[in-house]
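[1] Below are the sequence and a predicted model; questions follow.
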Amino acid sequence: MRTAPTLGGVSVPRGDGSTIIRLRRGASITDFADKIDASPGNLVTVLFHLGEMATATESLDEATFQVLGEELGYRIEMVSPEDEDRELLEGFDIEFEYDEDEEDLEIRPPVVTVMGHVDHGKTKLLDSIRNANVVAGEAGGITQHIGAYQVWTEHEGYERAITFIDTPGHEAFTAMRARGAQVTDLAILVVAADDGVMPQTVEALNHAQAAGVPIVVAVNKIDKEGANPAKVRQQLTEFGLVAEEYGGDTMFVDVSARNNIGIDNLLDAVLLTADAGLDLRANPERDARGVAIEARLDKGRGAVATVLIQAGTLRVGDAIVAGTAYGRVRAMTDENGVALAEAGPSRPVQVQGLSTVPRAGDTFLVTEEDRTARQVAEKREAAERNAQLAKARKRISLEDFMGQIEAGKVDSLNLIIKGDVSGAVEALEESLLKIDVDESVQLRIIHRGVGAVTESDVNLATVDNAIIIGFNVRPDPKARERAAREGIDVRFYSVIYSALEDVENSLKGMLKPEFEDVQSGLAEIREIFRSSKFGNIAGVLVRSGVITRNAKARVIRNGVVVGDNLAIESLRRFKDDVTEVRTDFEAGIGLGRFNDIQIGDEIETIETKEKVRV
């Protein structure tokens, strides 16, 4: 390593272009300086001459470090959350992963998540499985709900256990994946026989396939009038789930959760699928390690967390750390409230004794002593705080896709498509998949659906580094906020060819600078006033931003654009004409000849700005 003057005339140790520097998320210039034995002040000067202003202790994003590293002759590698945790634990002499000997491994129960469309019977199915397993005569049956439970069933002459994670749906499933927690071994997709495949069915299926877990389909409500299980099998073949009776490899089981029909067959199918395709073994003799499923603050017991043990055995009295929470296991109970002294792999238990409430998806592990647990938690908290202070994560966008491919960071462009009608979504998907690109690049549609862009869509894009394309739809407020926070590239189009052109150009590395529509104000219609002279006047409350007279506008109903290319032709506060109305004020808006407005619609005003390239 040599020291040489660089930008700004300062002397900084330089690399030879092949030296790799590993930095954690949210690292600062000081952290980088420590790695190369340089003065933080000199690096601040270099960065200033590269066009970036930053202090020595400010958290920086990956792109800034890449620019600085390239100038100084270093290759920057940002450490993933898993690697970061591994390095942190190695600093405390804690093994992140064990090289298990084959003779130490024992078969563990599969961990299953139930997903599907609303009202298709997910909760009823879980209740049927759970109640069928309650010991006859047990007083009160299930005494408490802990978010996960284990059932026993006879399979091929042996008593086998299955663990069920009782999540609210695929949103929670993907939120856990977003934190690096691969909790589920297998998913049960519940589809109502009288209703067939619905939008959330497809959404749940896409979430499960993106996670790469095997799927068993439970065709529910088979005893209901109008039930057609064969139709469900036929519909799901379009999404790559082909039933075994049709020559495929997916097990379909007809059930009725209400009347307890087919429950045993479903449990058999789960075990057969798990045995056929998964190596479910763990070492029960080591220190416990696993994932927090859910947690809450109990008035009498303090922080109470439901944890799923993935390896090892957890015992009362063990010192544990879960995410940024730490403590000692004071008490441990199963799903029936029965106190346990210890619990092995794939066992969900409720533990008391943590200092704070961990998040769902946080990993937990046992340490030798309380002090180590506290230090690990404090280090994790500091790293998390730095990561949050870093600039918004620079996720992949259409503009930089080709550069990412050349750098070897990605080999496929993942897209999520949302539209106002299913026909438009299908047409856009078919057209996108026909784009002729180089064989080294893949175009994958990981989810498609009808309706507004939701927070669930942004969650999936976050986990799988995808770009969201909206066709004649808008994001809901939570999705807009989450996308901005996560740095997800969300694009909206009203013409299919514009979307095709952008994607094709990005795949060929030719995307040109463009202008984009930016929301300047959003108002909700509370009243409608009829005027023979001016048409319908919308009485609105401004929800966000500023509504300006003559601004370009669109009308949105339930997340779908019903009127576009409009203008705010009149804007009044009481009887006065005004040029603008700000957030939380009421106003009257006239949209010229456009009169198709309803109470509850939203009027969005738009400014056209040149898109900043990053």
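    Cool, the structure landed. Residues are numbered from 1 along each chain as shown.
[2] can you map out the helices along the stretch 501-614 of the chain?
    Using DSSP state H, counting those that start in this stretch, no helices are found in the stretch 501-614 of the chain.
[3] Below-threshold pLDDT in it: ranges please.
    Along the stretch 501-614 of the chain, segments meeting pLDDT under 70 span 508-514, 610-614.
[4] Likewise for the stretch 101-250 of the chain?
    Applying pLDDT under 70 to the stretch 101-250 of the chain flags residues 132-146, 167-181.
[5] ok, 80 please
    By pLDDT under 80, the weakly predicted segments of the stretch 101-250 of the chain are 101, 118, 131-147, 166-182.
[6] That one: strands as residue ranges?
    In the stretch 101-250 of the chain, the strands defined using DSSP state E, counting those that start in this stretch lie at 106-107, 111-116, 148-155, 158-165, 186-192, 215-220.
[7] can you check the stretch 351-500 of the chain too?
    So, for the stretch 351-500 of the chain - with DSSP E, counting those that start in this stretch - the strands run 363-367, 412-419, 442-450, 466-471, 490-493.
[8] where among these is the average confidence lowest?
    Ranked by mean pLDDT, the strands of the stretch 351-500 of the chain end with strand 442-450 at the bottom, a mean of 82.
[9] still on that earlier bit, quick one, which of the strands of the stretch 101-250 of the chain is nearest to residue 277?
    Residue 277 lies closest, by CB to CB, to one member of the strands of the stretch 101-250 of the chain: strand 186-192, at 8.7 Å. C-betas here are computed from N, CA, C, even on glycine.
[10] Let's see the closest one as CSV, backbone CA atoms only.
    This file holds the C-alpha atoms of strand 186-192, laid out as CSV (Å, rounded to 0.1, in the frame of the first residue of the first chain):
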residue,chain,number,x,y,z
LEU,A,186,-43.3,-25.0,3.9
ALA,A,187,-46.4,-23.0,3.1
ILE,A,188,-50.1,-24.1,3.0
LEU,A,189,-52.0,-22.1,0.4
VAL,A,190,-55.7,-22.0,1.4
VAL,A,191,-58.1,-21.6,-1.6
ALA,A,192,-61.9,-21.7,-1.2
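[11] Adding distance to residue 426 and mean neighbour count as columns, could you present the strands of the stretch 101-250 of the chain in JSON lines?
    Formatted as JSON lines, the strands of the stretch 101-250 of the chain follow (distance: least, CB to CB, whole Å; neighbours: other CB atoms under 10 Å):
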{"stretch": "strand 106-107", "distance to residue 426": "44", "mean neighbour count": "14"}
{"stretch": "strand 111-116", "distance to residue 426": "22", "mean neighbour count": "25"}
{"stretch": "strand 148-155", "distance to residue 426": "38", "mean neighbour count": "18"}
{"stretch": "strand 158-165", "distance to residue 426": "33", "mean neighbour count": "18"}
{"stretch": "strand 186-192", "distance to residue 426": "20", "mean neighbour count": "25"}
{"stretch": "strand 215-220", "distance to residue 426": "22", "mean neighbour count": "26"}
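[12] what's the closest of these to residue 339?
    Judged by CB to CB, the one of the strands of the stretch 101-250 of the chain that comes nearest to residue 339 is strand 148-155, at 15.9 Å.
[13] partner strands of the closest one, parallel or antiparallel?
    With DSSP bridges as the test, strand 148-155 is paired with strand 158-165 (antiparallel).
[14] Tell me which residues are up against the strand it pairs with.
    109-114, 126, 129-130, 147-154, 183-184, 267, 270-271, 293, 308, 346-348 (CB atoms under 8 Å, 6 or more residues apart in numbering).
[15] So what's the residue count around residue 260?
    13 (other CB atoms under 10 Å).
[16] Give me the pLDDT value at it.
    Confidence score, pLDDT, at residue 260: 89.
[17] Not counting sequence-adjacent ones, nearest residue to it?
    With sequence-adjacent residues excluded and distances taken as CB to CB, 6 or more residues apart in numbering, residue 260 is closest to residue 128, at 5.5 Å.
[18] Would you agree the one you found is in contact with residue 264?
    No: counting by CB atoms under 8 Å, residue 128 does not reach residue 264; the two are 10.8 Å apart.
[19] out of these two, which sits in the more crowded spot?
    It is residue 128, of residue 128 and residue 264, that has more neighbours when counted by other CB under 10 Å, with 22 against 16.
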